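K.L.:
structure for the following, please:
(chains A, B, C, D and E, ligands or ions: 4)
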Amino acid sequence: MLSDRPSLLLKITAIGGLLFLHLPILFIFLYAFTTEERTYQFPPPGLTLKWFAVAWNRADIWPPLYLSLKVAAIATVLAMILGTLAAAAMSRARFFGRDQLSLLIILPIALPGVITGMSLRSAFGIMDIPFSTWTIVLGHATFCIVIVYNNAVARMRRLSGGIMEASADLGANAFQTFRHVLLPNLGSALLAGGMLAFALSFDEVIVTTFTAGQQSTLPIWMLNELVRPRQRPVTNVVAIVVFAATFLPILIAYYLTRGGSETAGMGK
Amino acid sequence: QVTAIGAPEGQVNIVAWPGYIERGETMKEFDWVTKFEESSGCKVNVKTANTSDEMVALMNEGGFDLVTASGDASLRLVAGDRVQPINIDLIPSWSTVDDRLKNAPWHTVKGVHYGVPYMWGPNVLMYNTNVFPEPPTSWNVVFEEMTLPDGKSNKGRVQAYDGPIHVADAAQYLMFHRPELGITSPYELNEDQYKAALDLLRQQRNLVSRYWHDAFIQMDDFKNEGVVASGSWPFQVNLLKSEGQPVASVIPQEGATGWADTTMMHVNAANPNCAYLWMEHTLSSNLQSDLAVWFGANPSVPAACTDGRGMATAETCTANGMDDFEKIRFWTTPVSNCSQGDGACVPYYRWVSDYIGVIGGR
Amino acid sequence: MTVTAILPAKGLADRLTGTFWRRPGLLLLLLIAPPLLWLGVVYLGSLAALLLQSFYSIDEFSGVVKEEFTLKTYAELFRAQNLDIIIRTVVMAAAVTLACAILAFPIAYYAARYAKGPWKAAFYLGVMLPLWSSYLVKVYAWKLILAKEGVLTWAASGTGTGFLIDGILTIPGLEGSSLSTSPFGTFLVFVYIWLPYMILPMQAALERVPTSMLEASADLGATRGQTFRTVILPLALPGVIAGSIFTFSLTLGDYIIPQIVGNSSRFIGLAVYQLQGTAGNIPLAAAFAVVPIVIMLIYLTLAKRAGAFDAL
Amino acid sequence: MTPAVEFANVSRHFGPVKAVDGVDLTIVEGSFFAMLGPSGSGKTTCLRLISGFEKPTTGAIRIFGEDVSATPPHLRNVNTVFQDYALFPHMNVRDNVAYGLMVKGMGRARRHARAEEMLALVKLEGYGDRKPAQLSGGQRQRVALARALVNEPRVLLLDEPLGALDLKLREAMQDELKALQHKLGLTFVFVTHDQHEALSMADHLAVFNEGRIAQIGTPQDIYDRPATRFVADFVGSSNVLPPELTRALGGPAQWASLRPEATRLAQTGPVSGTVIALRYLGAGTRVVIRAGETEIAALVPAGQPVPPEGTTTAIAFDRNALHLMGTD
Amino acid sequence: MTPAVEFANVSRHFGPVKAVDGVDLTIVEGSFFAMLGPSGSGKTTCLRLISGFEKPTTGAIRIFGEDVSATPPHLRNVNTVFQDYALFPHMNVRDNVAYGLMVKGMGRARRHARAEEMLALVKLEGYGDRKPAQLSGGQRQRVALARALVNEPRVLLLDEPLGALDLKLREAMQDELKALQHKLGLTFVFVTHDQHEALSMADHLAVFNEGRIAQIGTPQDIYDRPATRFVADFVGSSNVLPPELTRALGGPAQWASLRPEATRLAQTGPVSGTVIALRYLGAGTRVVIRAGETEIAALVPAGQPVPPEGTTTAIAFDRNALHLMGTD
Ligand SMILES: Nc1ncnc2c1ncn2[C@@H]1O[C@H](COP(=O)(O)OP(=O)(O)OP(=O)(O)O)[C@@H](O)[C@H]1O
Ligand SMILES: Nc1ncnc2c1ncn2[C@@H]1O[C@H](COP(=O)(O)OP(=O)(O)OP(=O)(O)O)[C@@H](O)[C@H]1O
Ligand SMILES: [Mg+2]
Ligand SMILES: [Mg+2]
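P.N.:
Ligands and ions are numbered 1, 2, ... in the order given. The predicted structure follows:
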């Protein structure tokens, strides 16, 4: 198209916006190398690599990291199962209460995390459920469902509905159809949804503070570290490592779902 | 009430003020946990809390054995049946406790002890020595708009504590400057006195750009945000000094509020034996001594100032206000039935909501 | 031919498939039950528990919750200082949403319409990476950037633009000793943190606007500006609404940012957090929590009417 | 001989919509049966009733004499070529074709061999390794066909399989399909809304209108002797004459149909009108004449003179081409 | 008279793809001009060059004599009916139609009045308040038409506007479009890949092949006298005869085309073959005969005897129907 060239203003604002998104990240990087360890001064007094070694040797990082990984993994698996089931049900013919269900699925991300967290905590209190890994998982899985659900529903919408019928028509029973047709076609969308859900759970702090009790996930560890600075650059080192570790999954998720609009990120 | 100490359970969970229970992580020299863990076999788990309200909430939530409660929290815990009476016979060092504290009203109810005194100290005025070549003599630097010695206004350069108990600081200031109000205790305010205190705080709102409620964020603000004066704890003063920051502290002419903290035990403490062992340990004079230096507070065991088992010396204790006990008005929970008569005073819950209002600019 | 019209069912799977076919409701039920149970019981149940708490009250002295039905807590919610908090939060959420929409549009538009191939991937990563890099560390980085002796002041004094910052800080309502203690700083950090949540649905909506629609507009004589206003913007609206659900709700509920950046004035999220966490006033916290629930339910109902759910 | 498919008073209603409404139908084994009708007339629904993706609201369906009301689709020995082909996008062509055999548990080597045979049948040898996305429309259509045929169904259902193809390709595929049906001797049930396609391919055809069968018969029956005005209107490009006009042309006062090819122009005649449109069709020119309220089309063979637009002309016709119809 | 549109040696290349390659073209004002060609032959690109959505790589385009190389689309007095209609889904029908007037700044009352006039023209009075989603395909097409016409363009471009419609509706719309063009006297440039459509609607047509024009002329020219084998093959259902066969039928040893309608069956003749397929077309039966390598179709008019498949028959033809072609 002849006029299909972005105007200068658009270019500048778009790129400016992207830079704005990365400005603090630049500082996170910078302050992972500062020599000063309590409060950040600008400009940093000096640069050093020692914090990477320090972070590696800090024993108190590992249990929260392990807990975060564990919670994210379990929550993701649960969310993938529940989200896929919900998507499968929703993609079928209209049924009574369908709209309400879609609202219900969206609710955990549409309502502020503090509400989800508080509600769960109230419920745990009322039912005398002690805090454990599972109480964290419960919270995380609830808001991860919608991520997987959105990915799966978008893919199912794109999948020609015919192929499921074609499979039955060719003699496959429901299980064979699921295994040979639905799963392979949904797979990449589920994987992408799963990765996003994992990343979301891994970084969650708002709901977690309510459902963790005295346990410390990595973000909660970071919160404590940031509030009570003790080798503060270590938090930046951890943030960078997590940043680098999420780079690849996000890229993969992008390529897996390319062409669809289902990679839209979802709320906390 | 526990009658005998059994085998240690292997751990003890404590809610404490930041800096109260150190295991050498912030500074290697300050460690009074590691040895205890080794000798008793009780692992010490600490959850820090920044306000008394938070401590009460944590104790109400449960899951902890001990709490280092200040006077404005301790009676609430007792009234709410969150803590249990202590059998002082099981604490051999009880006899070494400062006599002024043994039966203090914030942990002794109807003759029953609900805890072991831990530390006490004043809420000092911390100031930047570059701005104040001479120590300020009055709290007015944080309450009244004025030009500071460096020629600039104090507007936006002072802080105040982000807890309702700060109303008492205002009341204490009024007690000195407006005797006609007839305030006898900053924790017992009738409607008029209370209103005057709130007005003062509203005035202060215009000077304060951010209230502090986290010791470490306050330290940040002194370093990065240009804050030059604020009510504070000796803890922050000491840490900042140790980093070479130009700060010092003073108890101005109006006097100071202060805290006297008590280690109290949860009614449903899961680890009573370790809890008792820890309470006994807190009274050892070297712990008290080191903590006094670390936190800039006063030990509840007077011997800690002099027996040389820790870092504190008689001078340290004097500097921290060991002799000012009578001048300090310790935090207590305001209740409506006070010395001015039953129902005459404004109770704490109104302090809470009104102070939120003041911070919100109302 | 010997083959018959009906093949025999060979195993359990075949028979189950037959059962599902004869009773489609059964399969639907099997599919829907687990997520429905989870969300219905775990989530709605918890919300109900929360609601329930809001009808309790607290013993003012001991801080222990009295489990008796009362509207006292709601009466308290409507005290002036609490109304302040609600209004302050809603105004902030609206401002943040608006700013996010304005900032997000060029990025989303560029990514949707012009970015091709590797550029598209770059834009995607450019939006996703900040989204997934630690929220806390980003907020603290902002504190550092906005502090009085922080990066912005440093840069401003270097470039002689310090008067800009000072100007902002004297606007009534935005006063502070530095950006980091001004409500403007809170606003800025909110906008920054939630921006990706606006960009992504917006971009998805823009990508769904067919090129032919834009060509049709030009063909009918519309200039670029007219096309933008009359075609692109209305068609991207569901995406904007979807994004605004996030930015609005996230601002309503956040309690970390106002704690770290700003002038200590409470927001709903912070109030809820402190009331339940530090003050232990769970009934009032619950009553506060009902506010965003009500706001968001109204918002969602409107959004659903605008077809924004498909754009989520 | 048992018929391949039988509908006994079958209805399928979706709420208020009577997609299929009281249909009786018999499809003879080995025939090429077409279902023709406008959009929404219930053709697809009929097909889905046979394959089992819809269940009749009332009535019974028998396939080779057996009632299939309790048989799920995957156990019916009937296969479908879907309108959009519904090829599995994640499998290559060979695996697509072999799918029916795989789910029946046939070993890899054997089913691949069979798949290759089928690909040869539809002239796609060597395409086995491609993904469906790498094929043209016509090729995909043939893969869909091979995939359905590999199961050796006794009835093959085809839902507008040529709808998405362009004219040239469509004609080529029509010939191929017809030849294949001949060769295999299967029963084909073919849905289309294209009159030419239905007429040229089917042995028998049913014309649907609003869920009911308007007429059923051989193409010649239907083209030459439409039972109702609807059929006449829909099927041919027949002229439909109102009773007055039929009478004026010498018939009884009844609705009648008259094919354009049987309509000639004349200098004088009982009915005349104005030429309002001319359409060059290559093989001749279609002349549309307005006589009163009625528009009548006549076909002037190539090479004969065509009256210009606006002139008045009379029409003549082969008397036996005038076909009287019911009033429906 | 200046021609409406002129292409002088226009090319449009996309990298290696020569979408349009050295096209010379003149479209007379007031004519109905069709562009016909297989998929990918450059028809759409030609249209987009006129509307301004593409710029020629080389060559010049003139609209009513003015060079438009520097004129952006929204300033060209040319409007397009898009293949997918491209109606604005968020506006009702009236606002869609009035869009062109709105962006020109016409007041609400006046532009709505004009829009209603246009809707009346395309027989959609009373549909103004509906959203596009609430219309059928044919109705949408008419809205797109009204929307383009409201701007009073001097040239209207139509890119396969009927492609998405079913046969019956398509034929109805063809008649309507043709009538409208007649009534308004506008220049229509119409893109299609449907031979029948092009032949029956256009005054002039250009047959495209691989970015070049294979032949340009009246429908009769192109149907009866295809310039190349490609045109003969693509346009008619012509029989294309190789040189040997042309000679056997009494012509020179050259490629030739022979229309089925001009081809008859005979008992004996120079060329004979086996009947391999019969297709009933209503108006007659198409008989396909294989003679050596070549398949020849003949049309047996309705009522005449049709030889059964497998029998051998000879063919006869009107001598002047044999049309000799270039070797391209
Ligand atoms: N699942 C369904 N729910 C509701 N109505 C339906 C459903 N399936 C079909 N219909 C309706 O039944 C009628 C017949 O539909 P059907 O698909 O059989 O028509 P068709 O003859 O195949 O038309 P087309 O030529 O457009 O494919 C239509 O009015 C359609 O809207
Ligand atoms: N923007 C483009 N970039 C690259 N190649 C293009 C572009 N537009 C068209 N082409 C190529 O140019 C050739 C002609 O395309 P065009 O769309 O004009 O064909 P068409 O005759 O309209 O075909 P159809 O009947 O399928 O619409 C095709 O090979 C096409 O792939
Ligand atoms: Mg259909
Ligand atoms: Mg095209």
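K.L.:
is any residue of stretch B:194-212 near chain C?
P.N.:
Yes. Judged by C-beta under 8 Å from any C-beta of the partner chain, stretch B:194-212 and chain C are in contact via B:208-211. Yep, even glycine has a C-beta here, placed from its N, CA and C like the rest.
K.L.:
any buried residues in that stretch, and which?
P.N.:
Judged by neighbour count (16 or more other C-beta atoms under 10 Å in any protein chain shown), stretch B:194-212 contains these buried residues: B:194, B:196-198, B:200-201, B:204-205, B:207-212.
K.L.:
could you dump it to PDB, C-alpha only?
P.N.:
C-alpha atoms of stretch B:194-212 as PDB (Å, rounded to 0.1, in the frame of the first residue of the first chain):
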ATOM      1  CA  TYR B 194      -7.100  14.800  71.000                       C
ATOM      2  CA  LYS B 195      -8.400  17.400  68.600                       C
ATOM      3  CA  ALA B 196      -5.400  19.700  69.300                       C
ATOM      4  CA  ALA B 197      -3.000  16.900  68.700                       C
ATOM      5  CA  LEU B 198      -4.700  16.000  65.400                       C
ATOM      6  CA  ASP B 199      -4.500  19.700  64.300                       C
ATOM      7  CA  LEU B 200      -0.800  19.700  65.000                       C
ATOM      8  CA  LEU B 201      -0.500  16.500  62.900                       C
ATOM      9  CA  ARG B 202      -2.400  18.100  60.100                       C
ATOM     10  CA  GLN B 203       0.000  20.900  60.200                       C
ATOM     11  CA  GLN B 204       2.800  18.400  60.100                       C
ATOM     12  CA  ARG B 205       1.300  16.700  57.100                       C
ATOM     13  CA  ASN B 206       2.300  19.800  55.000                       C
ATOM     14  CA  LEU B 207       5.900  19.300  56.000                       C
ATOM     15  CA  VAL B 208       6.200  15.600  55.600                       C
ATOM     16  CA  SER B 209       6.500  14.300  52.100                       C
ATOM     17  CA  ARG B 210       6.600  10.700  53.100                       C
ATOM     18  CA  TYR B 211       5.900   9.000  56.400                       C
ATOM     19  CA  TRP B 212       8.300   6.300  57.500                       C
END
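K.L.:
which residues does the closest residue in space to A:G162 that isn't next to it in sequence contact?
P.N.:
Distances taken as C-beta to C-beta, 6 or more residues apart in numbering or on different chains place D:A86 nearest to A:G162, at 3.2 Å, with adjacent residues excluded. Listed by C-beta atoms under 8 Å, 6 or more residues apart in numbering or on different chains, the contact set of D:A86 reads A:160, A:162-163, A:165-166, D:144.
K.L.:
closest to chain C among these?
P.N.:
A:E165 (11.7 Å; C-beta to the nearest C-beta).
K.L.:
can you tell me the helix or strand for the closest one?
P.N.:
Element membership of A:E165 [criterion: DSSP states H and E] is helix A:162-169.
K.L.:
same question, D:L265
P.N.:
Here D:L265, judged by DSSP H and E, is contained in strand D:263-266.
K.L.:
list the buried residues of that strand.
P.N.:
D:263-265.
K.L.:
for stretch B:59-66, same thing?
P.N.:
Counting neighbours by 16+ other C-beta under 10 Å, stretch B:59-66 gives B:59-61, B:63-66 as buried.
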